[in-house]
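sequence first, predicted model second:
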Amino acid sequence: MSYSSHTTAQELLDGVQYNTFGQVTSLTTGADSANPEVEQYGYDAQTGMLANQKVYKASDMATPTLDLSYEYNRGYSVGNLSGKTGQLTHITNNLDHNKDRVFEFDTLGRLKAARGGLDAGATDYSERTPSIKRSTSSTVV
């Protein structure tokens, strides 16, 4: 994929690789730039959902600049992984756990709270009130 303006053309995306299910497993962004980056994606073998994401400077494939892991809700499934609903419940920042995020859902599958991240606060979505309640608690469950 490339971008072209009146004066220049620049390669934006290159080297896209896919797994047997057609999911992107690797790509290079900014291929024509001075600092291209390689993004890699891993998927849960049983559910096909995104399990991890890493980004590297193309010049240093040993040290990721981004390393995230994802966990999903199992709903009311007991004993197997196939009960995952696809609702994202955790984003783990493997480089800085202070940036981890946790998402909670009510029994109807609605987002109830989001906690953690850069602001280390929490956003609660109340069933009874249409307003959003912000908390400054830094506790991540």
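Here it is on my side, so go on.

low-confidence regions, this protein specifically.
Within the chain, the ranges that satisfy pLDDT under 70 run 1-10, 74-85, 118-141.

and the longest strand for the chain?
Scanning the chain for the longest strand, with DSSP state E as the assignment, gives strand 60-72.

ok, which stretches of this protein are strands?
For the chain, applying DSSP E gives strands covering 2-4, 9-11, 13-18, 24-29, 37-43, 50-57, 60-72, 88-93, 101-105, 111-116, 122-125, 132-135.

in TSV, list the ones you listed along with mean neighbour count.
C-beta here means a position set from N, CA and C on the backbone, and glycine is covered the same way. Compiled in TSV, these are given as follows (neighbours: other CB atoms under 10 Å):
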stretch	mean neighbour count
strand 2-4	10
strand 9-11	12
strand 13-18	13
strand 24-29	16
strand 37-43	17
strand 50-57	16
strand 60-72	14
strand 88-93	17
strand 101-105	18
strand 111-116	18
strand 122-125	17
strand 132-135	11
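
hmm, back to that, ok, the longest strand of the chain: who's next to it in the sheet?
Based on DSSP bridges, the strands next to strand 60-72 in the sheet, each with its direction, are strand 50-57 (antiparallel), strand 88-93 (antiparallel).

hmm, who's touching the shortest one?
Residues outside strand 88-93 that contact it (CB atoms under 8 Å, 6 or more residues apart in numbering): 67-73, 99-105.
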